[in-house]
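Coordinates for the following, if possible.
(one chain, ligands or ions: 1)
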Amino acid sequence: AKPKRQSYEQRAEVAKNAVSKQLLNLMAKKKTNLAIAADVASTKQLLALADQVGPHICVFKTHVDILDTWNAEVQGELQSLAEKHDFLIFEDRKFADIGSTVVAQYSGGLYRIADWAHITNAHLVPGPGIIQGLKQVGLEKGRGLLLLAEMSSKGHLATGSYTQAVAAAAEEHQDFVAGFISQTPSSWQPQSSPGLIHMTPGVQLAKGGDNLGQQYNTPQSVIGGAGSDVIIVGRGIYGASDPRETAQQYQEAGWSAYLASVSA
Ligand code: 5FU
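Okay, here's the model as predicted:
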């Protein structure tokens with residue numbers, strides 16, 4: 001049998017940054033480890049989706065550069081929905097440049113991501129300067145960073161010693177790094193840091209993929225088997241005929257896999 005895992009509440013107590021602490025507590029309170037990938041093109045649809053699925057999710061993941069409209073009013077409406085339903089906003093920006101450039105990209109431009117996204121993420125390809133740059137902007141605003149340790153897509157290159165280096169960098173910067181984007185954390189995660197959160201995209205109720213390399217695993221295999229904490233679901237929810245009801249199904253599937261893993 002697999003070893004019993006610590007509960008989200010226990011891990012919140014030892015989390016070393018504001019966002020992972022807040023998220024672990026929120027997940028326990030709301031009984032959900034579901035994040036939605038809200039990859040819709042219209043801002044109107046985005047806000048409607050946030051209101052519909054809000055009660056069932058812990059994280060609302062955006063790609064702000066997909067949207068047809070973005071301005072201060074839209075930002076304010078999304079922030080109000082996050083407060084109303086108690087979820088965190090994660091802009092899946094995947095920063096990948098030198099420290100000085102990401103400072104400007106994270107704080108400024110059309111989107112001013114650091115002003116509204118509780119969480120964003122980055123590749124470690126440029127080295128630790130990317131963490132230092134993002135931290136310079138985000139830490140004082142109480143933001144958190146996820147490092148991409150592995151990807152869901154076929155043939156991705158984030159494996160082996162690269163993944164190990166990402167794990168080590170996260171350990172070292174736990175005041176700002178809240179966790180990882182990962183696929184099989186139980187095979188490499190640092191046991192010493194239960195405060196770091198693993199989020200996994202490429203999730204649907206049935207195993208499969210799309211015709212551009214995406215690969216899907218089930219909530220049960222991701223939370224129970226691979227040892228992740230949060231399932232990220234896009235087309236499986238917003239593409240369903242009833243996104244609210246479908247989000248509830250994913251919430252239940254993710255939560256029962258979590259309960260089984262902490263009581264095993
Ligand atoms: F880092 C990653 C990754 O490794 N795979 C992903 O699929 C991010 N993603 C995102 O998760 C991707 O950009 C989509 O926003 C989402 C998956 O959407 P799907 O519709 O569930 O395939």
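
The protein: strands as residue ranges?
Assigned by DSSP state E, the strands in the chain fall at 34-37, 59-62, 88-95, 119-122, 144-148, 177-181, 197-201, 208-209, 215-216, 230-233.

Format those strands as CSV; extra columns: distance to residue 27 and mean neighbour count.
Where you see a C-beta, it was placed from the backbone N, CA and C, and this is true even at glycine. Below are the strands of the chain laid out as CSV (distance: least, CB to CB, whole Å; neighbours: other CB atoms under 10 Å):
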stretch, distance to residue 27, mean neighbour count
strand 34-37, 9, 27
strand 59-62, 9, 25
strand 88-95, 10, 22
strand 119-122, 13, 24
strand 144-148, 14, 25
strand 177-181, 12, 28
strand 197-201, 9, 26
strand 208-209, 26, 13
strand 215-216, 22, 18
strand 230-233, 8, 28
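
Out of these, which is closest to residue 159?
strand 144-148 (11.8 Å; CB to CB).

quick one: is the longest helix anywhere in the chain near the ligand?
Ranked by residue count under DSSP state H, the longest helix found in the chain is helix 243-263. No - Helix 243-263 lies out of reach of the ligand by CB under 6 Å from any ligand atom, never closer than 10.5 Å.

And that helix, what does it pack against?
strand 34-37, helix 43-53, helix 219, strand 230-233, helix 235-238 (3 or more CB pairs under 8 Å, 6 or more residues apart in numbering; DSSP states H and E).

residues contacting the closest residue to residue 51 other than its chain neighbours?
Among residues not flanking residue 51 along the chain, residue 81 sits closest, at 5.8 Å (CB to CB, 6 or more residues apart in numbering). Contact analysis of residue 81 by CB atoms under 8 Å, 6 or more residues apart in numbering lists 47, 50-51, 54, 60.

Name the member of the residues you listed with the most neighbours.
Compared across these, residue 60 has the highest neighbour count, 25 neighbours, by other CB atoms under 10 Å.

tell me the contacts of that one?
So residue 60 contacts 35-36, 38, 50, 54, 78, 81-82, 87-90 (CB under 8 Å, 6+ apart).

That one and the ligand, how far apart?
12 Å (CB to the nearest ligand atom, to the nearest Å).

Local confidence estimate at that residue?
pLDDT, residue 60: 99.

Residue 165 versus residue 180, what's the distance?
According to CB to CB, to the nearest Å, residue 180 stands 12 Å off from residue 165.

Fine by me, thanks again.
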